[in-house]
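[1] coordinates only, sequence not included:
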């Protein structure tokens, strides 16, 4: 329901369910004006046509057989190969960085002195 403040014309979109079934006092957030709002009248039920009888539920269920819970899935091997290659590259990169950190530890500790505590923690101090 679209509500408009009668004083400053500020518009608000409010769900019908928020108003409830009784009149409510609202306050405008822009000008602080208060006014009463009547809830919308309930919608009448849809008319039932007497010319066409309702179909039984059993017939409707027989006309549309139940489908499988999950669609038929065929695996795509190319995406699996790509994921495997990405993992392999990641593992090689991390391993290479770890080996470089061990092999060049003297240079790393000389250029970045706080790293000496990290190397000492792992027992990889230079001889």
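    Looks like it arrived, so ask away. This one's a predicted model, so the numbers in the text were calculated from it and none came from an experiment.
[2] for the helix or strand hosting residue 26, what is the average pLDDT?
    Using DSSP states H and E, residue 26 sits within strand 24-27. What strand 24-27 shows for mean pLDDT is 83.
[3] Stretch 94-106: which residues count as buried?
    For stretch 94-106, burial by neighbour count (16 or more other C-beta atoms under 10 Å) applies to residue 105. The way it works is simple: take the backbone N, C-alpha and C, and place the C-beta from them, glycine included.
[4] Now do that stretch: distance to the chain's middle.
    Distance of stretch 94-106 from the chain centroid (C-alpha atoms, centre = their mean, to the nearest Å) equals 40 Å.
[5] sorry, back to before: can you list the strands that the strand holding residue 26 pairs with?
    strand 34-37 (antiparallel) (DSSP bridges).
[6] What residues of the partner strand count as buried?
    By neighbour count on 16+ other C-beta under 10 Å, the buried set for strand 34-37 is empty.
[7] Quick check: mean pLDDT of it?
    For strand 34-37, the per-residue pLDDT averages 86.
[8] right, and the helix or strand after the helix or strand hosting residue 86?
    Taking DSSP H and E as the criterion, residue 86 maps to helix 77-103. Downstream of helix 77-103, the first helix or strand assigned by DSSP H and E is helix 105-111.
[9] re earlier: identify the residues contacting the strand holding residue 26?
    The contact list for strand 24-27 (C-beta atoms under 8 Å, 6 or more residues apart in numbering) reads 3, 33-37, 39.
[10] now stretch 119-127
    102, 105-106, 108-109, 116.
[11] do that again at 10 Å, thanks
    101-102, 105-106, 108-110, 116, 118 (C-beta atoms under 10 Å, 6 or more residues apart in numbering).
[12] quick one: buried residues of it?
    Under 16+ other C-beta under 10 Å, the buried positions of stretch 119-127 are residue 119.
[13] try stretch 15-28
    Buried residues in stretch 15-28, counting neighbours by 16+ other C-beta under 10 Å, are found at 19, 28.
[14] how far does the strand holding residue 26 sit from the chain's center?
    Counting by C-alpha atoms, centre = their mean, strand 24-27 comes out at 34 Å from the chain centroid.
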